[in-house]
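1. Build me a structure from this.
(chains A and B)
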Amino acid sequence: AQSVAQPEDQVNVAEGNPLTVKCTYSVSGNPYLFWYVQYPNRGLQFLLKYITGDNLVKGSYGFEAEFNKSQTSFHLKKPSALVSDSALYFCAVKGFNDYKLSFGAGTTVTVRA
Amino acid sequence: GAVVSQHPSRVICKSGTSVKIECRSLDFQATTMFWYRQFPKKSLMLMATSNEGSKATYEQGVEKDKFLINHASLTLSTLTVTSAHPEDSSFYICSANTGSGNTIYFGEGSWLTVV
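-> Below is the predicted model of the structure:
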């Protein structure tokens, strides 16, 4: 069975400071890892994914994530957060032979001006 | 990126009636689409996997007779909530796999309120 853990319900940072949203996963075989962002009353927007290749993945809106196989982690990062980054962030995983995504519980990011 | 469209974005229906939500892939063909339910500030709960030309695969605990899914073409899947009750009120989101690159894109979601 595959699963995702987002250990923090809430992350608060000041604008301009680095932002990190944590994610660890469990899956059989090689993982396909994703980050999505959800704004209030909206669907999920794709930010980035790791399939294979470089462990550091760059995505939309200045976000990046680092795949760490030994720690089974895929933390989302942004060097300098903006107030507009305030949203709900979901990490998701699926195995190579799986067609379904498993989502973490989500992390609410609040960036204060 | 790929676009997935949902319609309607908001719908209010009376208890006991049925309501249909559409999910379309606008610029790609999707043999598989997924339907999720999301409660406020909660994660997504997968309800079913919609397969073009065949029956949907429902997750454990999801009533297939209540949540009817039809995937009649490579660009359209529909979710019909039959005999809706207030407890069915929720945010329903669909997604589709582009096939290439294994990225799954989501629709904007549909708010269902049953009164």
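
2. counting contacts, what elements does the helix or strand of chain B with the lowest mean pLDDT pack onto?
-> Lowest by mean pLDDT, DSSP states H and E among the helices and strands of chain B is strand B:104-106, with a mean of 89. Of the remaining helices and strands, those touching strand B:104-106 by 3 or more CB pairs under 8 Å, 6 or more residues apart in numbering or on different chains; DSSP states H and E are strand A:44-50, strand B:90-97. C-betas here are computed from N, CA, C, even on glycine.

3. Please name the nearest non-neighbouring residue to residue 56.
-> Chain wasn't specified; assuming chain A. Nearest non-adjacent residue to A:Leu56, counting by CB to CB, 6 or more residues apart in numbering or on different chains: A:Glu66, 5.2 Å away.

4. switch to chain B, that's the one I care about
-> In space, and not counting its chain neighbours, B:Ala56 is closest to B:Ile69: 3.9 Å by CB to CB, 6+ apart.

5. outside of the host helix or strand of that neighbour, which residues touch it?
-> Assigned by DSSP states H and E, B:Ile69 belongs to strand B:67-73. Here strand B:67-73 makes contact (CB atoms under 8 Å, 6 or more residues apart in numbering or on different chains) with B:33, B:35, B:47-48, B:50-54, B:56, B:58, B:77-82.

6. again, only using 7 Å
-> B:33, B:35, B:47-48, B:50-52, B:56, B:77-82 (CB atoms under 7 Å, 6 or more residues apart in numbering or on different chains).

7. ok, so what distance separates the residue most central in space within chain B from chain A?
-> Note on chain B: the residue nearest the mean C-alpha position is B:Trp35, at 3.7 Å, using CA atoms, centre = their mean. Separation of B:Trp35 from chain A (CB to the nearest CB, to the nearest Å) stands at 12 Å.

8. so that residue makes contact with B:Thr80?
-> No. Using CB atoms under 7 Å, B:Trp35 makes no contact with B:Thr80, being 10.8 Å away.

9. so what strands line up beside the least confident helix or strand of chain B?
-> Counting by DSSP bridges, the strands paired with strand B:104-106 are strand B:90-97 (antiparallel).

10. what angle sits between the partner strand and strand A:44-50?
-> For strand B:90-97 against strand A:44-50, the angle by axes from the mean of the first three to the mean of the last three CA atoms, to 10 degrees is 40 degrees.

11. From the contact counts, what lies against the least confident helix or strand in chain A by mean pLDDT?
-> One helix or strand of chain A scores below all others by mean pLDDT, DSSP H and E: strand A:102-103, with a mean of 91. The helices and strands touching strand A:102-103, judged by 3 or more CB pairs under 7 Å, 6 or more residues apart in numbering or on different chains; DSSP states H and E, are strand A:3-5, strand A:87-95.

12. Fine by me, we can end here.
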